[in-house]
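A.B. asks: Quick one: sequence plus predicted model below, questions after.
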Amino acid sequence: MFNRVSDISIIDGIRNQDDKTLNWLYDNYLPAVKKHVLNNSGSKHDASDVFQDTIIVLYNQITESTLNLRLDLKGYFLGIARNVWNEQLRRNQKTLELEFDLPEDEAQEEMEDQTLERIVTKVFPMLKPDEQMILRLFAEDMSYEDIAVRMDLKNETNARRKKYLSKEALLGLLKNDSEYQEYLRLR
(Lines give C-alpha, C1' and ligand atoms only; values in the text may rest on other atoms or scores of the structure.)
Protein backbone atom coordinates (compact mmCIF):
# COMPACT_ATOMS: atom_id res chain seq x y z
CA MET A 1 0.00 0.00 0.00
CA PHE A 2 2.79 2.45 0.92
CA ASN A 3 5.28 1.40 -1.72
CA ARG A 4 5.66 4.92 -3.14
CA VAL A 5 4.78 7.24 -0.39
CA SER A 6 5.67 10.89 -0.68
CA ASP A 7 7.72 12.59 1.99
CA ILE A 8 4.82 14.96 2.63
CA SER A 9 2.49 12.01 3.32
CA ILE A 10 5.01 10.53 5.74
CA ILE A 11 5.48 13.87 7.50
CA ASP A 12 1.70 14.25 7.82
CA GLY A 13 1.46 10.68 9.15
CA ILE A 14 4.15 11.37 11.75
CA ARG A 15 2.47 14.64 12.74
CA ASN A 16 -0.83 12.78 13.22
CA GLN A 17 0.88 9.79 14.87
CA ASP A 18 -0.67 7.50 12.31
CA ASP A 19 0.03 3.84 13.07
CA LYS A 20 0.26 2.86 9.37
CA THR A 21 2.90 5.52 8.76
CA LEU A 22 4.88 4.51 11.84
CA ASN A 23 4.75 0.84 10.81
CA TRP A 24 5.89 1.84 7.33
CA LEU A 25 8.85 3.71 8.88
CA TYR A 26 9.79 0.62 10.89
CA ASP A 27 9.66 -1.55 7.80
CA ASN A 28 11.55 0.82 5.52
CA TYR A 29 13.94 2.87 7.70
CA LEU A 30 14.79 0.60 10.65
CA PRO A 31 17.01 -1.76 8.59
CA ALA A 32 19.27 1.15 7.53
CA VAL A 33 19.45 2.49 11.11
CA LYS A 34 20.19 -0.99 12.44
CA LYS A 35 22.97 -1.47 9.87
CA HIS A 36 24.60 1.83 10.85
CA VAL A 37 24.42 1.12 14.59
CA LEU A 38 25.67 -2.47 14.27
CA ASN A 39 28.57 -1.31 12.08
CA ASN A 40 29.50 1.26 14.73
CA SER A 41 29.85 -0.77 17.93
CA GLY A 42 26.15 -1.06 18.71
CA SER A 43 23.64 -3.84 19.30
CA LYS A 44 20.16 -4.54 17.97
CA HIS A 45 18.75 -3.12 21.18
CA ASP A 46 20.81 0.05 20.64
CA ALA A 47 19.46 0.27 17.10
CA SER A 48 15.87 0.09 18.35
CA ASP A 49 16.57 2.84 20.89
CA VAL A 50 18.23 5.03 18.27
CA PHE A 51 15.30 4.47 15.91
CA GLN A 52 12.80 5.48 18.60
CA ASP A 53 14.84 8.54 19.55
CA THR A 54 15.09 9.52 15.89
CA ILE A 55 11.33 9.33 15.46
CA ILE A 56 10.92 11.54 18.54
CA VAL A 57 13.42 14.10 17.20
CA LEU A 58 11.71 14.11 13.81
CA TYR A 59 8.25 14.36 15.40
CA ASN A 60 9.40 17.33 17.52
CA GLN A 61 10.85 19.06 14.46
CA ILE A 62 7.61 18.51 12.52
CA THR A 63 5.32 19.73 15.30
CA GLU A 64 7.54 22.71 16.19
CA SER A 65 7.89 23.64 12.48
CA THR A 66 11.70 23.42 12.66
CA LEU A 67 12.00 20.66 10.06
CA ASN A 68 14.46 21.82 7.41
CA LEU A 69 14.17 19.16 4.75
CA ARG A 70 16.65 19.74 1.92
CA LEU A 71 17.04 16.13 0.83
CA ASP A 72 14.70 13.21 0.75
CA LEU A 73 13.12 12.28 4.05
CA LYS A 74 14.94 8.94 4.32
CA GLY A 75 18.35 10.61 4.04
CA TYR A 76 17.30 13.22 6.58
CA PHE A 77 15.98 10.54 8.94
CA LEU A 78 19.22 8.55 8.68
CA GLY A 79 21.22 11.72 9.34
CA ILE A 80 19.28 12.27 12.56
CA ALA A 81 19.82 8.61 13.50
CA ARG A 82 23.60 8.95 12.93
CA ASN A 83 23.67 12.06 15.12
CA VAL A 84 21.65 10.34 17.85
CA TRP A 85 23.96 7.31 17.79
CA ASN A 86 27.14 9.41 17.74
CA GLU A 87 25.91 11.42 20.73
CA GLN A 88 25.13 8.21 22.59
CA LEU A 89 28.62 6.88 21.82
CA ARG A 90 30.18 10.09 23.15
CA ARG A 91 28.17 9.82 26.37
CA ASN A 92 29.11 6.15 26.73
CA GLN A 93 32.78 6.96 26.15
CA LYS A 94 32.75 9.62 28.86
CA THR A 95 31.03 7.20 31.23
CA LEU A 96 33.59 4.48 30.48
CA GLU A 97 36.47 6.91 31.00
CA LEU A 98 35.06 7.85 34.38
CA GLU A 99 34.52 4.23 35.38
CA PHE A 100 38.10 3.36 34.49
CA ASP A 101 39.62 6.48 36.04
CA LEU A 102 37.85 6.36 39.38
CA PRO A 103 39.04 2.98 40.61
CA GLU A 104 42.67 3.88 39.84
CA ASP A 105 42.35 7.20 41.63
CA GLU A 106 40.55 5.59 44.55
CA ALA A 107 43.12 2.80 44.74
CA GLN A 108 45.96 5.33 44.63
CA GLU A 109 44.34 7.46 47.35
CA GLU A 110 43.70 4.40 49.51
CA MET A 111 47.31 3.29 49.14
CA GLU A 112 48.55 6.79 50.02
CA ASP A 113 46.19 6.91 53.03
CA GLN A 114 47.48 3.54 54.24
CA THR A 115 51.10 4.65 53.80
CA LEU A 116 50.54 7.88 55.70
CA GLU A 117 48.64 6.05 58.45
CA ARG A 118 51.52 3.57 58.83
CA ILE A 119 54.07 6.41 59.09
CA VAL A 120 51.97 8.34 61.62
CA THR A 121 51.47 5.14 63.65
CA LYS A 122 55.25 4.68 63.69
CA VAL A 123 56.09 8.21 64.97
CA PHE A 124 53.03 8.74 67.21
CA PRO A 125 54.53 6.91 70.25
CA MET A 126 57.44 9.39 70.15
CA LEU A 127 55.07 12.14 71.31
CA LYS A 128 54.69 12.97 75.01
CA PRO A 129 51.80 11.09 76.67
CA ASP A 130 49.64 14.22 77.08
CA GLU A 131 50.20 15.11 73.37
CA GLN A 132 49.12 11.60 72.38
CA MET A 133 46.05 11.85 74.63
CA ILE A 134 44.77 15.17 73.25
CA LEU A 135 45.25 14.06 69.64
CA ARG A 136 43.40 10.81 70.33
CA LEU A 137 40.52 12.65 72.00
CA PHE A 138 40.34 15.12 69.14
CA ALA A 139 40.35 12.22 66.64
CA GLU A 140 37.35 10.77 68.51
CA ASP A 141 35.45 14.02 67.75
CA MET A 142 35.43 15.11 71.36
CA SER A 143 34.68 18.82 71.80
CA TYR A 144 37.38 21.17 73.09
CA GLU A 145 35.28 21.78 76.18
CA ASP A 146 35.11 18.05 76.93
CA ILE A 147 38.84 17.67 76.20
CA ALA A 148 39.58 20.46 78.70
CA VAL A 149 37.53 18.69 81.39
CA ARG A 150 38.99 15.27 80.61
CA MET A 151 42.61 16.51 80.61
CA ASP A 152 42.13 18.87 83.56
CA LEU A 153 42.91 21.98 81.52
CA LYS A 154 41.66 25.45 82.59
CA ASN A 155 39.32 26.00 79.64
CA GLU A 156 38.47 25.37 76.01
CA THR A 157 41.10 27.87 74.81
CA ASN A 158 43.84 25.93 76.58
CA ALA A 159 42.55 22.72 74.97
CA ARG A 160 42.75 24.35 71.53
CA ARG A 161 46.29 25.57 72.19
CA LYS A 162 47.38 22.19 73.56
CA LYS A 163 45.92 20.40 70.51
CA TYR A 164 47.69 22.85 68.17
CA LEU A 165 51.04 22.37 69.91
CA SER A 166 50.58 18.57 69.91
CA LYS A 167 49.80 18.58 66.22
CA GLU A 168 52.88 20.72 65.55
CA ALA A 169 54.98 18.25 67.55
CA LEU A 170 53.60 15.38 65.45
CA LEU A 171 54.35 17.27 62.22
CA GLY A 172 57.88 17.93 63.46
CA LEU A 173 58.42 14.21 64.01
CA LEU A 174 56.99 13.44 60.57
CA LYS A 175 59.23 15.99 58.84
CA ASN A 176 62.28 14.31 60.36
CA ASP A 177 61.15 10.84 59.24
CA SER A 178 62.88 9.61 56.06
CA GLU A 179 59.91 7.45 55.05
CA TYR A 180 57.61 10.49 55.31
CA GLN A 181 60.01 12.51 53.16
CA GLU A 182 59.88 9.75 50.53
CA TYR A 183 56.07 9.71 50.77
CA LEU A 184 55.93 13.46 50.08
CA ARG A 185 58.37 13.14 47.18
CA LEU A 186 56.23 10.46 45.49
CA ARG A 187 52.99 12.42 45.81
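C.D. replies: Received it, and whenever you're ready, just let me know what you need.
A.B. asks: Where does the prediction get shaky in the chain?
C.D. replies: The model of the chain has pLDDT under 70 over residues 1-4, 94-108, 187.
A.B. asks: For Phe124, the count of nearby residues, please.
C.D. replies: Other residues within reach of Phe124 by the criterion other CB atoms under 10 Å amount to 15. Heads up, the C-betas are built off the backbone N, CA and C, glycines and all.
A.B. asks: Check the one 4 residues further on too.
C.D. replies: By other CB under 10 Å, 10 other residues sit near Lys128.
A.B. asks: Repeat that for the one 3 residues further on.
C.D. replies: Here the count is done by other CB under 10 Å, and Glu131 has 19 residues near it.
A.B. asks: what's it in contact with, if anything?
C.D. replies: Glu131 sits next to Leu165, Ser166, Ala169, Leu170 when contact means CB atoms under 8 Å, 6 or more residues apart in numbering.
A.B. asks: Among these, which one lies nearest to Met133?
C.D. replies: Distances from the contacts of Glu131 to Met133 were compared by CB to CB; the smallest belongs to Ser166, at 8.6 Å.
A.B. asks: who touches the closest one in this structure?
C.D. replies: When contacts are taken as CB under 8 Å, 6+ apart, Ser166 is in contact with Leu127, Asp130, Glu131, Gln132, Ile134, Leu135.
A.B. asks: Also Leu165?
C.D. replies: For Leu165, the set of contacting residues under the criterion of CB under 8 Å, 6+ apart consists of Glu131.
A.B. asks: Also Arg82?
C.D. replies: Taking CB under 8 Å, 6+ apart as the criterion, Arg82 is in contact with His36.
A.B. asks: From here on, call the first residue 14.
C.D. replies: All set: I'll call the first residue 14, so the last point we hit is now Arg95.
A.B. asks: Start from the N-terminal end of the protein and give the helices.
C.D. replies: In chain order, the chain shows helices spanning 20-28, 32-52, 57-76, 86-136, 142-152, 157-163, 169-188, 191-199, with DSSP state H as the criterion.
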